[in-house]
Each structure stands twice: as C-alpha cells, then as structure tokens.
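Enquirer: take this sequence and fold it.
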Amino acid sequence: MKKLVCLIGVMMVLVGCKPPPQTLSVVGNTWLGYQPYYAEQILHPEAIPANIHITMLTSDVSVVRMVANGAAQAALLSLDNALSLQTRTDLKLCIAQVINSSHGADAIYAPPGFDINDRQQPWVVGMEDSALARYLLARWMRLHDIPERQVRREIILPNQHATAYAAGVTDIFVTYAPFSQKLASMGAEQIFSSREIPGEIIDTLVVKQESWRQHQAALKRLTGPVWDKALTAALDPQHPYYQALQTLSGINAEELRQSLASLSLYNSAASRTFLQQDYARVQQQVSEQLVASGIHQVITPLPICEGVL
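Expert: Okay, here's the model as predicted:
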C-alpha cells in the first residue's frame, strides 16, 4: 500500500524519463493493455531485465517519433500502427509479442442523441494523429457508407478528449480505453467499436531487428515470465497491480473492470499460439484495410522476430 501511495509520483518520473546509456528502450502509450508492463516497471523494477527500460508516453505520436528518431528500439503499438511505421520507414522492425486483441476497447463516441443519418453539416471528429485512429474511423465510415466530405478531422490527444467533450466543440471522438471510460462516465454514447470488426485490432511489442539480435535473451525473458507474472497480478482485483492500473488509467475499479472486459489479454503461451496460427491471416487482413482506407498504397510486411516461435 505504501508503494501505491507513492505511485503517482513515481509515475511522473516514469513518463518521459530517459533510460541509462546502452539500455534497450521500450516505449508505449497509455493503452490499458500495456499497463501490466508499466506496473511491473514501477512496483518491481528489479524484475525487468537490467538492460531494458519501459517508458509510458502520452500518445502514439510520441511513441512513433521516439522509435523513428532512434531514441527507442522497441515499441508497444497496435498492429496497424506498427505496419504503418514499418511501411514508411527503413527501421526493419519485427514482432516479438502479441499483447491483446480489442473487443470494444477501441471505439467511437458521440453525445447522446447523435443521429448518423443527419448529414446536413459535416461532423467534427476529435482523434489522435495515428494510424490506429485513422483506421478505426475509416472502418466505421466504410461500414456505414459515410462519405469523406461528411467528416472534418481535428487532432486532439486522447488525454484531452474529456475536456473537449465537456466544451462541446467536437461531434465525435475516436478513442480507446481508458479514455473511453471517461467519455462514457460523462454521458457520451458508443456508436462504433472494435467489436464490429473482430480480430482486426491487436496490440503488439515490436523491436528493431538489430536490437532483437543483440538483446534476444533479455527480451524473451521480458515477454515470457516477466509479462506472465505482471499480467496475472494485474487481472487480480485484490492485487496491488490492479490498483496500479486504476491509478495509471485514472479510472475507478468498476470502470477498470468494464475496460478489461473489452479486450483479451494474452499470456506468453497465447501470444505464441496467435503468432503461429493467426498472425499471417490478421496481418494480411489489416494490411488490406490500410490500403483500402487510403492510409497507404502498399504495406511492408512485419515479420515475426527470429527465435520467437
């Protein structure tokens, strides 16, 4: 409990702190599925391999920027974001772990009474400037025959969605857990979610292939026993890790329970099974949707890291 009292202060150090030289830096946004890693880094940093440091950032934009400029060698990203990064850079990434699949945790919210058939004026869409947000919006538009002229995108960071909603300056929000829970608690209604596109949104740990070769043993330990221990603890409502997730997310216990119910978190065995049996199909499906949505003309594949299977 004493550690949890200090959690917020420690978390402020975690967000944006720089790892020591020669350390493999792993960065991710505030997505709920990644938070068992953050809880482990905060509460039991000695369990993390000594040459690995995990940092929570505020947005996908920051994550992608750090990987692209060489400040980080690995990233926690949704598959569509990872494929987009692989496609538009020469980073030569590989996938080391599948963390979760989203079954409603990624969603589009609107004020009560929003009428999808009322198209007299364009809708202002608040969204992060990320491949995932563009992907989710494009899938909603395609499935509901919404023309491009009907939406006007406005870049708003996820941690500012609640403020923008309260101000009434945006019609629709493309968001994800835990920020979606904040909007729901303010009365916003879900009008679309990843539940309607099953299997298309998964979250991953991707690594530069050169860094994987250099740190393979440590990364296998991180994605194996370290992750499994953290995940088990984070899913136990009586465990300090569960309370840590509440603090990191800024939501209460019931909101956390609802958020966790909207995604499937994979332990290391389930991750390997997914990579063996489902990854090729899902990667192809997501790649086709990224092209069909106009985000990219062609997709550079994201291979599985050597030795993972």
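Enquirer: what segments of the stretch 101-250 of the chain are helices?
Expert: Taking DSSP state H, counting those that start in this stretch as the criterion, the stretch 101-250 of the chain carries its helices at 131-143, 161-167, 179-185, 209-221, 227-234, 240-249.
Enquirer: any chance of these in a markdown table, plus mean neighbour count, distance to residue 193 and mean pLDDT?
Expert: Heads up, the C-betas are built off the backbone N, CA and C, glycines and all. Formatted as a markdown table, the helices of the stretch 101-250 of the chain follow (neighbours: other CB atoms under 10 Å; distance: least, CB to CB, whole Å; pLDDT from 0 to 100):
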| stretch | mean neighbour count | distance to residue 193 | mean pLDDT |
| --- | --- | --- | --- |
| helix 131-143 | 21 | 9 | 93 |
| helix 161-167 | 16 | 15 | 95 |
| helix 179-185 | 22 | 9 | 90 |
| helix 209-221 | 17 | 32 | 97 |
| helix 227-234 | 20 | 22 | 98 |
| helix 240-249 | 21 | 18 | 94 |
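Enquirer: nearest to residue 292, out of the ones you listed?
Expert: helix 131-143 (7.4 Å; CB to CB).
Enquirer: adding distance to residue 99, write the helices of the stretch 101-250 of the chain out as CSV.
Expert: Shown next, in CSV, are those (distance: least, CB to CB, whole Å):
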stretch, distance to residue 99
helix 131-143, 14
helix 161-167, 23
helix 179-185, 18
helix 209-221, 14
helix 227-234, 8
helix 240-249, 14
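Enquirer: out of these, which gets nearest to residue 200?
Expert: helix 131-143 (7.3 Å).
Enquirer: let's see the closest one as PDB, backbone CA atoms only.
Expert: Taking Å, rounded to 0.1, in the frame of the first residue of the first chain, the C-alpha atoms of helix 131-143 are listed here in PDB:
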ATOM      1  CA  ALA A 131      -2.700   5.100 -37.900                       C
ATOM      2  CA  LEU A 132      -5.000   3.400 -35.400                       C
ATOM      3  CA  ALA A 133      -7.400   6.400 -35.100                       C
ATOM      4  CA  ARG A 134      -7.500   6.800 -38.900                       C
ATOM      5  CA  TYR A 135      -8.000   3.100 -39.300                       C
ATOM      6  CA  LEU A 136     -10.900   2.900 -36.900                       C
ATOM      7  CA  LEU A 137     -12.600   6.000 -38.400                       C
ATOM      8  CA  ALA A 138     -12.200   4.600 -41.900                       C
ATOM      9  CA  ARG A 139     -13.700   1.300 -41.000                       C
ATOM     10  CA  TRP A 140     -16.700   3.000 -39.400                       C
ATOM     11  CA  MET A 141     -17.200   5.200 -42.400                       C
ATOM     12  CA  ARG A 142     -16.900   2.300 -44.900                       C
ATOM     13  CA  LEU A 143     -19.300   0.000 -43.000                       C
END
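Enquirer: contacts for that helix?
Expert: With contacts defined as CB atoms under 8 Å, 6 or more residues apart in numbering, helix 131-143 is touched by 60, 78, 80-81, 83-85, 106-108, 125, 127, 146-148, 150-151, 153, 174, 176, 191-192, 194, 196-197, 200-201, 286, 289-290, 292-295.
Enquirer: could you do stretch 243-254 as well?
Expert: Identification of contacts with stretch 243-254 by CB under 8 Å, 6+ apart yields 4, 7-8, 11, 30, 32, 35-36, 38-39, 42-43, 56, 177-178, 181-182, 234, 237, 242, 255-256, 259.
Enquirer: show me which of those residues are buried.
Expert: Buried residues within these, counting neighbours by 16 or more other CB atoms under 10 Å: 4, 7, 11, 30, 32, 35-36, 38-39, 42-43, 56, 177-178, 181-182, 234, 242, 255-256, 259.
Enquirer: just the ones of those residues in strands?
Expert: Secondary structure from DSSP state E places residue 56 of these in strands.
Enquirer: show me the longest strand that occurs in this structure.
Expert: strand 93-102.
Enquirer: which other helices and strands does it contact?
Expert: Here strand 93-102 touches helix 79-88, strand 202-208, helix 209-221, strand 263-265, helix 268-277, going by 3 or more CB pairs under 8 Å, 6 or more residues apart in numbering; DSSP states H and E.
Enquirer: out of the helices of the stretch 101-250 of the chain, which is closest to residue 265?
Expert: Residue 265 sits nearest to helix 227-234 of all these, at 5.9 Å, using CB to CB.
Enquirer: show me how far the closest one is from its chain's centre.
Expert: Between the centre of helix 227-234 and the centre of its chain there are 18 Å (CA atoms, centre = their mean, to the nearest Å).
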